[in-house]
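Enquirer: Have a look; sequence and predicted model below, questions after that.
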Amino acid sequence: MKALLEFADVTFSYGRTPLFQETSLVVLGGERVALVGANGTGKTTLLKLAAGLLKPAAGRVLLEGRDVRLTPRRDVAREIAYVPQQLIVPFDFTVQEIVEQGRTPYLRMFGSLRSYDRVAVGHAMEVTSITHLRRRIFNQLSGGEQQRVKIAVALAQEPRLLLLDEPTQHLDIGRQAEILELILELNEQGVTIISALHDLSAVRAAFPSIILLYLDRQIVQGATSAILRQETIERAFDIRVQSRFTKIAL
Amino acid sequence: MEVELEKRMPAETGMDRRSLPRFLLAIGGLFVLLLIAILIGTAVGAVRVKSGAILSMLFHRHGSQTTAEEAIILQLRLPRVIASALVGAALSVAGVLFQGLFRNPLADPYVIGSQGGAALGAAMAILVLPHFSILGFSATASLAFLGSVVTMLVVYSLARVGGRTPVVTLLLVGFALSTILSYSTTFFVYLNPQSDLANRLLTGWMHGSISSSEWPQIVVATVLIGAGTILALPLARTLNALALGEEYAEQLGVRVETARLGIILVGSLLTAGAVSLGGLIGFVGLIVPHFCRLLQGPDHLRLVPIAALSGAIFLILADTLARTIIAPSELPVGILTAFIGGPSFLYLLRRNKREEYLA
């Protein structure tokens, strides 16, 4: 397998203290990678850097060897889809109107959706089981439904790399299982997936690879079974006191 | 059970109301309404003219009408009705553009200072460069455009906090700038109280009045506003993407910086056209787009033409009312739109607060 996404000595900071300092990572095509770390360790930032939405202070983010910041936005959007934690929609767009936005990188300025675009939109809604919701107003949907709509937009982009930011957050366990199942299905169809997640049991069950972000800015990458151990978890999440509740996480 | 079913119904049918046949029907219906509004606007006034007479005058010029009637229609009423239509369409489409840019249904070109900037530009032009023109466009239109662009760039950079535009900052920045701009305009008048500008101000330009429209002005405004409306269409898809957030739009392949500048330029072109014809007419760009979203949903590709037609109809009727309601005197139409628009603005603000849009 070839490297699909590569961080080459990436440095990035919001203020003075760097969040990433000459970080190097490689994600191979077809991988399913969990992005794990305590709050504030830069999971979202890493995903945005990967999508080319943030500019590294130094170093490069490469998609199959091409710098994502130097590639036209439209071309990047056909290869990489980023699903944010929150999507705030100020107007009453319907589900279908929102999923159709996923075709933006394929349309010309005046161009309306062609038959192929409609097929892609229909397929994206079908895979995410939201076809029956297509006429509903996005803002009136439940959290789980909105999450599936967000993923549908990304699928309508027909990406090779799907970046998910805590896709199971705020969902009940039934809806969490649906999302994880969907991630597995998409991955089986060849989509490479990097997903930030807090639920470690879900990580163990559904993600063979992991990128673990420590609080001291160190980053380790590898097989989940090898990396996700009691010591590493205690260190990553700063669990110093043996509380009865920490057992839950481990 | 039944209650819940009823509650879900409007949501379920959201898309049916937005089908393509419905859209075409709405466009057709609005065209008919526009023609009716034009007829009403030309017929009603101090001298009442039968609408049949207007039609025959327009379509086979030499009918049985007296020349006095013809003069009233062709030199007074018709230019004014067309000017109202242009101003209404321009402000409504500008409202659609700015609301999309700021992701906020309250971003009316008057409220956020775009019209104030254009008015100051126009005022400076009238005073300082009355006989100057760029590519055939008078200094008035050119400086009005520049005034709006500069104001919008300032509003955009001041009102944004961490990639978002909170309602409160947008409104406060808009308020502060509008106040500064409006007093600057008044200041220019005090510098030269005998000027043409002072005269126009006396006729209510600062309160929004279309009373002094003449054919040459209308031709210039038609070009500006026609170009602006046509240029708004290719921006529509970008506006849809921007509605989901700037970063998200970038994720979808939109070049956000370019798009933002395009929206500000086109919105300012429309505002400049409107202000150079009708002065400061507030809230049209707020009420009309809101009504259009209720009618056809928020898809900007449909919103632009629907808002243009609805805005034209709305302002023709508002101006007709303004010049007849206290006949034989006339009200500046801006007073009327403020009476209708102000409360609508407060209603939207309240709903906005409740739904915590982007707050």
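Expert: That came in fine, so what should we check first?
Enquirer: Helices along chain A, start to end?
Expert: When assigned using DSSP state H, the helices of chain A occupy the ranges A:43-50, A:73-79, A:95-100, A:115-127, A:143-156, A:173-188, A:200-206, A:224-227, A:230-236, A:246-249.
Enquirer: Same list (the ones you listed) but as a markdown table, adding distance to B:S157.
Expert: No exception for glycine: its C-beta is placed from N, CA and C like everyone else's. Output for the helices of chain A, formatted as a markdown table (distance: least, C-beta to C-beta, whole Å):
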| stretch | distance to B:S157 |
| --- | --- |
| helix A:43-50 | 22 |
| helix A:73-79 | 22 |
| helix A:95-100 | 29 |
| helix A:115-127 | 36 |
| helix A:143-156 | 29 |
| helix A:173-188 | 39 |
| helix A:200-206 | 42 |
| helix A:224-227 | 44 |
| helix A:230-236 | 39 |
| helix A:246-249 | 44 |
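Enquirer: nearest to B:R80, of these?
Expert: The closest approach between B:R80 and any of the helices of chain A, judged by C-beta to C-beta, belongs to helix A:95-100 at 38.8 Å.
Enquirer: so does that closest one get close to chain B?
Expert: Yes. Using C-beta under 8 Å from any C-beta of the partner chain as the criterion, contacts between helix A:95-100 and chain B involve A:Q96, A:E97, A:I98.
Enquirer: Give the buried residues for stretch A:18-32.
Expert: Buried residues in stretch A:18-32, counted by 16 or more other C-beta atoms under 10 Å in any protein chain shown: A:P18, A:L19, A:F20, A:Q21, A:T23, A:L25, A:V27, A:E31, A:R32.
Enquirer: B:L315 reaches B:I82, doesn't it?
Expert: No. B:L315 is beyond contact range of B:I82, at 10.9 Å (criterion: C-beta atoms under 8 Å).
Enquirer: between the two, which one's more packed in?
Expert: A side-by-side neighbour count of B:L315 and B:I82, using other C-beta atoms under 10 Å in any protein chain shown, places B:L315 first with 34 against 22.
Enquirer: Not counting its neighbours along the chain, what's nearest the more buried one?
Expert: By the measure of C-beta to C-beta, 6 or more residues apart in numbering or on different chains, the closest residue to B:L315 outside its immediate chain neighbours is B:G88, 2.8 Å from it.
Enquirer: which phi and psi does the residue most central in space within chain B have?
Expert: The C-alpha lying nearest the average C-alpha coordinate of chain B belongs to B:L91 (C-alpha atoms, centre = their mean; 1.0 Å). Taking degrees, to the nearest 10, you get phi -70, psi -40 for the backbone angles of B:L91.
Enquirer: List the residues that contact it.
Expert: B:P109, B:Y110, B:Q115, B:L270, B:T271, B:A274, B:I281, B:V284, B:G285, B:V288, B:G311, B:L315 (C-beta atoms under 8 Å, 6 or more residues apart in numbering or on different chains).
Enquirer: Could you rank those by neighbour count and give me the top one?
Expert: In terms of neighbour count, B:A274 stands highest of these at 39 neighbours, by other C-beta under 10 Å.
Enquirer: elements contacting the helix or strand harbouring that residue?
Expert: Counting by DSSP states H and E, the element that carries B:A274 is helix B:256-278. Secondary-structure packing of helix B:256-278 (3 or more C-beta pairs under 8 Å, 6 or more residues apart in numbering or on different chains; DSSP states H and E): helix B:78-102, helix B:114-128, helix B:139-159, helix B:215-242, helix B:246-251.
Enquirer: Please identify the most buried of those.
Expert: Greatest average neighbour count among these goes to helix B:78-102 (a mean of 29), per mean count of other C-beta atoms under 10 Å in any protein chain shown.
Enquirer: coming back round to it: okay, the helices of chain A in JSON lines with mean pLDDT and mean neighbour count next?
Expert: What follows is those, written out as JSON lines (pLDDT from 0 to 100; neighbours: other C-beta atoms under 10 Å in any protein chain shown):
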{"stretch": "helix A:43-50", "mean pLDDT": "95", "mean neighbour count": "22"}
{"stretch": "helix A:73-79", "mean pLDDT": "94", "mean neighbour count": "20"}
{"stretch": "helix A:95-100", "mean pLDDT": "94", "mean neighbour count": "25"}
{"stretch": "helix A:115-127", "mean pLDDT": "92", "mean neighbour count": "16"}
{"stretch": "helix A:143-156", "mean pLDDT": "93", "mean neighbour count": "24"}
{"stretch": "helix A:173-188", "mean pLDDT": "91", "mean neighbour count": "16"}
{"stretch": "helix A:200-206", "mean pLDDT": "91", "mean neighbour count": "17"}
{"stretch": "helix A:224-227", "mean pLDDT": "89", "mean neighbour count": "14"}
{"stretch": "helix A:230-236", "mean pLDDT": "85", "mean neighbour count": "15"}
{"stretch": "helix A:246-249", "mean pLDDT": "59", "mean neighbour count": "12"}
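Enquirer: so the most centrally placed residue in chain A bridges to which residues?
Expert: By C-alpha atoms, centre = their mean, chain A has its centre lying nearest to A:L164, at 1.7 Å. With DSSP bridges applied, the residues forming beta bridges to A:L164 are A:V83, A:S195.
Enquirer: Could you verify my assumption that it touches A:I194?
Expert: Yes. A:L164 is in contact with A:I194 according to C-beta under 8 Å; the separation is 7.3 Å.
Enquirer: Need the overlap of contacts for the two.
Expert: Common contact partners of A:L164 and A:I194 (C-beta under 8 Å, 6+ apart): A:L47.
Enquirer: got the angle for the helix or strand that contains B:F339 vs helix B:256-278?
Expert: Counting by DSSP H and E, the secondary-structure element that holds B:F339 is helix B:333-355. Direction vectors for helix B:333-355 and helix B:256-278, defined by axes from the mean of the first three to the mean of the last three C-alpha atoms, to 10 degrees, enclose an angle of 150 degrees.
Enquirer: A:L213 reaches A:T41, doesn't it?
Expert: Yes. A:L213 sits in contact with A:T41 when judged by C-beta under 8 Å, with a separation of 3.9 Å.
Enquirer: So B:G29: helix, strand or coil?
Expert: On the three-state scheme (DSSP: H, G, I helix; E, B strand; the rest coil), B:G29 is labelled helix.
Enquirer: residues near the residue nearest to B:M152 when sequence neighbours are not counted, how many?
Expert: Taking C-beta to C-beta, 6+ apart as the measure, B:M152 lies nearest to B:I264, with 4.6 Å between them; neighbours along the chain are not counted. Other residues within reach of B:I264 by the criterion other C-beta under 10 Å amount to 22.
Enquirer: Next: A:L161.
Expert: A:L161: 22 surrounding residues under other C-beta under 10 Å.
Enquirer: before we move on, what about B:A53?
Expert: Other residues near B:A53 number 18, with proximity taken as other C-beta under 10 Å.
Enquirer: how far away is A:Q101 from A:E145?
Expert: Between A:Q101 and A:E145 the distance is 17 Å, computed by C-beta to C-beta, to the nearest Å.
Enquirer: so A:R74 sits right up against B:Q251, yeah?
Expert: No. Contact status for A:R74 versus B:Q251: not in contact, 11.4 Å apart, counting by C-beta under 8 Å.
Enquirer: residues from chain A in reach of chain B?
Expert: Proximity of chain A to chain B is confined to A:48, A:51, A:53, A:73-78, A:81-82, A:84, A:87-94, A:96-98, A:101-102, A:104-105, A:107, A:109-110, A:112, A:134-137, A:140, A:153, A:157 under the rule C-beta under 8 Å from any C-beta.
Enquirer: Give me the buried entries from the residues you listed.
Expert: Taking 16+ other C-beta under 10 Å as the criterion, what is buried in the residues of chain A next to chain B is A:48, A:51, A:53, A:73, A:76-78, A:81-82, A:84, A:87, A:89-94, A:96-98, A:101-102, A:104-105, A:107, A:134-137, A:140, A:153, A:157.
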